[in-house]
Each structure stands twice: as C-alpha cells, then as structure tokens.
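**Q** Fold the following.
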Amino acid sequence: MIEEIEKQLKVPQFEETNGDKYFVFHYNCWQHDYYDEPAVAIISAMLASIREDEVLVNGEAERIIKAGYEFVGEELKKIAGLYIENKIGINLISWAEDIKNNKEINQKAENEFDEMFNFSQTIEKVRKKLQEIAEERTIVLFVDELDRCIPQYAIKVLERLHHIFYGLDNVVVVMAIDRKQLEHSVEEMFGVRKDESSIDIEKYLKKFIDFSMVLDNGVLNESYREKYKVYFDKFMVEQESDIEEITNILSKLFPTIGIREQEKLMEKTNMVHSLVCNEKMDVSVLVFEVMYEILKLWKFGDLQYIATINDSHYINLEQQIGKFKIDILKAFGEKAYSKVRAGYAHENIIEIANSNIYGRVFWYFANIFYTQKIPYANISYIREQIEKKLEVAKKYCEFCEMVR
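**A** Numbers count the residues shown, from 1 in each chain. This next block holds a predicted model:
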C-alpha cells in the first residue's frame, strides 16, 4: 500500500514550474535499526531516498526537477553535518564538500556519520533545516516496519519522529504499523496498565499519532492470477466450470489472512509443489494446497474434521477459529457432498467427486486425514486420473511436515 501511495505522490506536479509537488521519503525502521540513534537513521534514510530518485531522473528532465533534488540533498547533508559537529566539534559534511576530491577524507566523513549519536541541542537546528526544505515542497515521510523492531527501539523511533517532525508546517509523517504489535511494545517498555497511576497506552500513542485509518485484508481482485503466475502455470483447468469456482474459493479464503501472509503462503506452496511434482496437475490440487496452508495459519487443528464439517457441530473448533471461518468451510462442504447425498449408488461416488472442484478437494482431505468410512474415503477402485492427484496432495502434506 505504501509503495503504491509513494508512486502516486511522485506523479503530481505544479503546473507553473513543472516541478514535483512533494519530497517523498521512505524510512524502513527495521532496515535501519543498526543505528543506535534513530534520528541518524531517519536522516540517513531520507538521504538514500533522494539519491535513488536522482538516479531515475534522465538527461531530458526539466532543470527545476534536478534543482529540487540538489537542493534537498544539500540541506539533508547539512543536517547530517549538524549531528557530526555536535559529536566531535567539526562539521565533517561541510569539510568534506570543500575537499571532495580527496576520496579517503570523504570515506572517513561517511564512516563518522554512521557512528554518530544524536544530541538534544541538535534537534531544533534540524527542525529549522527541515522547515526550509518544506517551504520548497511538501515533505511526506513514510515510516514502515516499525512493529518489526524490538520494543525499546520502536518506542525510541516514535519519540524521535515526534521530536523532529511534530508541528512543522507542510510536513506529513505516515506510519504503516500493526497497531496491536505497537501496543505490545508499549506494554513491554512501560508495563501493562493496572490502575490510574499506570501508563494509558491509548493516550500515550495519541502523542505521536494524530489520526489513524484501519486497513482490512482487502478483497481478491482479478490480478491475483498474474501476481502468482509462476505457481498457477504449474496447473491446468480440466473443467471449464472450475475457472469461476477457483476465484470464488480463493476470494473467501484469502481475506481471512493478511497480504504479507498471503505472499509467504504462495511462495511456500510454489516451492513445495515444485519439489513434489514436476508435471502439470489439475487445478484442484492447487486449491487443496492453498486451503491446507490457510487451515494451518488458522490453527485449525486436526484436519480430519474437514471431511465431516457439515455433519457435526464442533463447538470447541468454532470457538478456536471463529464461526465466520467455520461457515466458509461448511459452504464448501455443502457443494462437495450435495450430489453424493442425493442417493447415488456407492460405485458412482468417484464420478460425483470428480464432477466439481469442491468434490475433488474434499476427496483429498477425506482420504489423507480421515480414516473412517465416509463419502469419498477408502474406495478401492479409484480411477488412475484422480488417484494421481491424490498422491501429489499426500506428498505435499508429507513434505510440509518437514519444512514447516
């Protein structure tokens, strides 16, 4: 989401000057947590952002755009110099600029910058320099991965962002965070609130966050096939009716987990499937593999219950993963077993199971995890075409036990 917003902000330009409207910076806290002092990490990340943007400007770019990069780059170097000056008494950035032909001294200046620490008397000077930049264009700083840092560092970053940027005109700081994880970090630092004398987490975070928007897991759109094309290309659609049903199944399952979890899940399924199978399989195997991984993320527990999800009311299971998820599985099971319950002879069950993607997926679950006699399970005359699919599904589960 942040990457998309950054791209959009870099497009708008002033009609009068053709110059960009915004200075957009990206600060990944987790990537820069090797800095003891977050203030140094923040300025370092801002400098890196400008350098990356400069590379993207081609020779035909407008002079005003280049001038903007040069201006903000120089101002940020001055800010970096302030930290060094307060550390050792010399503005190494300014000094290095004066004798920039000497590579060794320049290298030394960069090393000093990596090692320096913030001093409280520097903050106000830094704020003034940032305000000068903000008078040129709006500063937008995106702060990412804060919740991945250790609690002590995460809180320190929050406080530095507040010290440096709070109250500056034409400056916007956007933080992408897992709110619950950040609250845990506050608890880790200050303890769980027990009474009125303890820290109020909500009030504490309001010092740093003016307002927030909650993003859910979103919905599946048509681009998911392209996004995971490498994995999808390993499968084929044997029945035309399956195409729409695949999207229906994944659109129910994917929103129950976060985007990052989705991406990790698909990376894992692609890797494991590639190891257990080197030929194209029916797409029902794909659905089984994805569903298997999502059930693990849900902490579903014993997967034998999938086969009888419609026949029993598992109160403990519903309390564990939630009624919403149970209802999703029951809807899938209803479609899988509906024709079987219509009174078909036992010998025709295999044809029924093979007639729709839900039936094939539940067939795999029943044969792999459920040992008692139920529809789809323990049929001795399984056709070779569906037996091969079942064998791949079994191997997938076996290998996942080794790589989890």
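
**Q** State the helix or strand in which the closest residue to Val272 other than its chain neighbours lies.
**A** Distance criterion CB to CB, 6 or more residues apart in numbering; nearest residue to Val272, sequence neighbours excluded, is Phe399 at 5.4 Å. For every residue, glycine as well, the C-beta is placed using N, CA and C. Assigning secondary structure by DSSP states H and E places Phe399 in helix 384-403.

**Q** Likewise for Val172?
**A** Per DSSP H and E: Val172 is located in strand 171-175.

**Q** mind listing what the residue nearest to Cys277 when sequence neighbours are not counted touches?
**A** Distances taken as CB to CB, 6+ apart place Val392 nearest to Cys277, at 4.9 Å, with adjacent residues excluded. By CB atoms under 8 Å, 6 or more residues apart in numbering, the contact list for Val392 reads His273, Val276, Cys277, Met281, Val285.

**Q** so where's the protein uncertain?
**A** Along the chain, segments meeting pLDDT under 70 span 12-20, 51-73, 81-121, 192-198, 339-354, 371-385, 404.

**Q** Look up how far Asn278 lies from the residue nearest to Val272.
**A** Between Phe399 and Asn278 the distance, using CB to CB, to the nearest Å, works out to 14 Å.

**Q** Mind checking which of those two has more residues around it?
**A** Phe399 (15 against 8; other CB atoms under 10 Å).

**Q** still on that earlier bit, CA-only coordinates of the strand holding Val172, as PDB, when you get a sec.
**A** C-alpha atoms of strand 171-175 as PDB (Å, rounded to 0.1, in the frame of the first residue of the first chain):
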ATOM      1  CA  VAL A 171       5.300  18.100   6.700                       C
ATOM      2  CA  VAL A 172       3.400  14.900   6.800                       C
ATOM      3  CA  VAL A 173       4.500  11.700   8.500                       C
ATOM      4  CA  VAL A 174       2.700   8.500   7.600                       C
ATOM      5  CA  MET A 175       3.300   5.400   9.700                       C
END
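
**Q** Which is the succeeding secondary structure element to that strand?
**A** Downstream of strand 171-175, the next assigned helix or strand under DSSP H and E is helix 179-190.

**Q** Following the chain onward from that following helix, which element is next?
**A** helix 201-206.

**Q** Might you report the residue contacts of Leu158?
**A** Residues in contact with Leu158 (CB under 8 Å, 6+ apart) are Leu146, Phe208.

**Q** tell me which element it falls in.
**A** Assigned by DSSP H and E, Leu158 belongs to helix 151-165.

**Q** Please save the CA atoms from that helix in CSV.
**A** Provided in CSV are the C-alpha atoms of helix 151-165 (Å, rounded to 0.1, in the frame of the first residue of the first chain):
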residue,chain,number,x,y,z
PRO,A,151,10.1,-2.8,21.6
GLN,A,152,12.8,-0.5,23.0
TYR,A,153,13.9,0.7,19.6
ALA,A,154,10.3,1.1,18.3
ILE,A,155,9.4,3.4,21.2
LYS,A,156,12.6,5.4,20.6
VAL,A,157,11.8,5.8,16.9
LEU,A,158,8.3,7.1,17.8
GLU,A,159,9.7,9.6,20.2
ARG,A,160,12.4,10.8,17.7
LEU,A,161,9.8,11.2,14.9
HIS,A,162,7.8,13.3,17.4
HIS,A,163,10.8,15.4,18.4
ILE,A,164,12.0,16.1,14.8
PHE,A,165,8.8,16.5,12.8
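
**Q** Counting neighbours, show which residues of it come out buried.
**A** By neighbour count on 16 or more other CB atoms under 10 Å, the buried set for helix 151-165 is Pro151, Tyr153, Ala154, Ile155, Lys156, Val157, Leu158, Arg160, Leu161, His163, Ile164, Phe165.

**Q** now, which of those sits nearest Arg137?
**A** Phe165 (15.3 Å; CB to CB).

**Q** Give me the most central residue, the chain.
**A** Using CA atoms, centre = their mean, the residue of the chain that lies closest to the mean C-alpha position is Arg260, 3.3 Å off.
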